[in-house]
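Enquirer: Have a look; sequence and predicted model below, questions after that.
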Amino acid sequence: DAFYPELSGITDSIINTGTELAREGHQVEFFVPRYSKKAYVVADVAQKEIDLGPNVKIHRVLALPVPTPTMQGHAVIINPFRAFFAQGKFDIVHSHGFFGAGIDAFFFSKIKSAPLVGTNHTIIESFVRYFPYSHPFIEKILVKYVIWYYNLCNFVTAPSVFLLDDMKRKGLKSDSGHIPNPVASEFYDKDMKKDALKKEL
């Protein structure tokens, strides 16, 4: 439920992973929210599709705006029949979320007979505290829901061992492994030294 133009580390991770897979020759298809004009305004970018190269297709699906800290949040409206309209064979269905898009991914994997890989990027109770409707009771229900969802997956990844261990303590039973988030190397200037950067910034 997060993708361009939403300002989010999850969005960055999804795009970086997908473009690298495409660069290596894989065909990648994203099924992501259709964002409102306001989301593009918040990000200060033109309201047009991002170009991720010839091996990447982006399918924008119906989504509803939801109040999030980024003021760009959208939730995919679940459509269990979406996979029937997707052409071709899918080797893997990879979900980066456990709400609308994640549930769609589950149905997609069943209909296309493809394994479902789920990536969890966050400890949900820490994240949801920043939402306007946060409450300890809601946090407890969400934790149970998140573990239930990832136990539907054939394999679960997380960017840190700590997060995977936390999920296992809470009841994760699916096979799992730690895969760090990719980082675009162009953001780093190897010629800059720590002291110089501290002074400059």
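Expert: Perfect, thanks for sending it.
Enquirer: Next up, phi/psi of residue 117, please.
Expert: Per-residue torsions, residue 117: phi -100, psi 130 (degrees, to the nearest 10).
Enquirer: my bad, residue 95
Expert: Residue torsions, per degrees, to the nearest 10, at residue 95 are phi -110, psi 140.
Enquirer: Please apply the same query to residue 80.
Expert: phi -60, psi -10.
Enquirer: Tally up the residues packed near it, please.
Expert: By the criterion of other C-beta atoms under 10 Å, residue 80 has 13 neighbours. Placement of C-beta: from N, CA and C, glycine included.
Enquirer: swap in residue 74?
Expert: Residue 74: 24 neighbours (other C-beta under 10 Å).
Enquirer: Please apply the same query to the one 3 residues further on.
Expert: Using other C-beta under 10 Å, residue 77 has 14 other residues around it.
Enquirer: cool, and residue 104?
Expert: 24.
Enquirer: Identify the residues contacting residue 179.
Expert: Residue 179 sits next to 119, 157-159 when contact means C-beta atoms under 8 Å, 6 or more residues apart in numbering.
Enquirer: of those residues, closest to residue 30?
Expert: Distance to residue 30 across these (C-beta to C-beta) is lowest for residue 119, with 13.8 Å.
Enquirer: does the closest one really touch residue 153, like I thought?
Expert: No: counting by C-beta atoms under 8 Å, residue 119 sits too far from residue 153 to count as a contact (9.1 Å).
Enquirer: which of the contacts of residue 179 are buried?
Expert: Buried residues within these, counting neighbours by 16 or more other C-beta atoms under 10 Å: 119, 157-159.
Enquirer: gap between the lowest-mean-pLDDT helix or strand in the chain and the chain center?
Expert: Least confident helix or strand of the chain, by mean pLDDT, DSSP states H and E, is helix 124-128 with a mean of 79. Put simply, helix 124-128 sits 15 Å off its chain's centre (C-alpha atoms, centre = their mean, to the nearest Å).
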